[in-house]
Structures are given as C-alpha cells and as structure tokens.
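Q: missing the sequence, but the structure's below:
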C-alpha cells in the first residue's frame, strides 16, 4: 500500500498522533465538501454575474479561514515530526 501524502512528508506517526491526523483530515474534508456544496448552490441559483462573482469570492475567503487552523495544526505535526529532537 502506498503511503498517504501526509505519511510521505512526516513518516509514520504514533497511534495518538495518527488519530489526531485522521481527525484533522476528516475535518478538512468536511469543510471542503461543505464549501463545494455552497459553490454549487451559488452556481445553480444566482443568475446575476456580478453577484455570483462576489459570493464565490466571499465563500472562498470564508472557506480558507475555516480550514486554515486545521492546516496549521497538520503543519505543526509535520514540523515536529521532522525536527531532530522529535525522536528523543
């Protein structure tokens, strides 16, 4: 089985850390899915081009704000895992 993107960048994690990684990835996936659904609704229901552009831009910004804390935590786990003192 091929390693996941995250495993290939931080190596195999301990069970506790792996559980946290799984939860973070699940949360990001839910946020992304909700975002895609919101964009689809905008696309299907808004006919005014300028309003559609504004709403999509606004939702993209909100999406980034929603998911950023989870991405930051994943990056902290990756950096901790890569640090020379992480194994000590």
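A: Yep, that arrived. Just so we're clear, the structure is a prediction, and the values are computed from it rather than from any experiment.
Q: and the helix or strand harbouring residue 17, what does it pack onto?
A: Using DSSP states H and E, residue 17 sits in helix 15-45. Under the contact criterion of 3 or more C-beta pairs under 8 Å, 6 or more residues apart in numbering; DSSP states H and E, helix 15-45 touches helix 49-82. For every residue, glycine as well, the C-beta is placed using N, CA and C.
Q: if we can go back for a sec, let's test this: mean pLDDT of the helix holding residue 17, rounded?
A: The pLDDT scores in helix 15-45 average 94.
Q: Buried residues in that helix, which are they?
A: Across helix 15-45, burial judged by 16 or more other C-beta atoms under 10 Å covers 21, 24, 28, 31, 35, 38, 39, 42.
Q: If we ignore the residues flanking it in sequence, what's nearest the spatially most central residue of the chain?
A: For the chain, the residue nearest the mean C-alpha position is residue 28 (3.7 Å; C-alpha atoms, centre = their mean). Counting by C-beta to C-beta, 6 or more residues apart in numbering, residue 28 lies nearest to residue 70, which is 4.9 Å off, once chain neighbours are set aside.
Q: Run through the residues that contact that neighbour.
A: Residues in contact with residue 70 (C-beta atoms under 8 Å, 6 or more residues apart in numbering) are 24, 27, 28, 31.
Q: Contacts only, for the first one.
A: By C-beta under 8 Å, 6+ apart, residue 24 lies in contact with 70, 73, 74.
Q: Buried residues in stretch 69-82, which are they?
A: Within stretch 69-82, the residues that count as buried by 16+ other C-beta under 10 Å are 70, 73, 74, 77, 78, 81.
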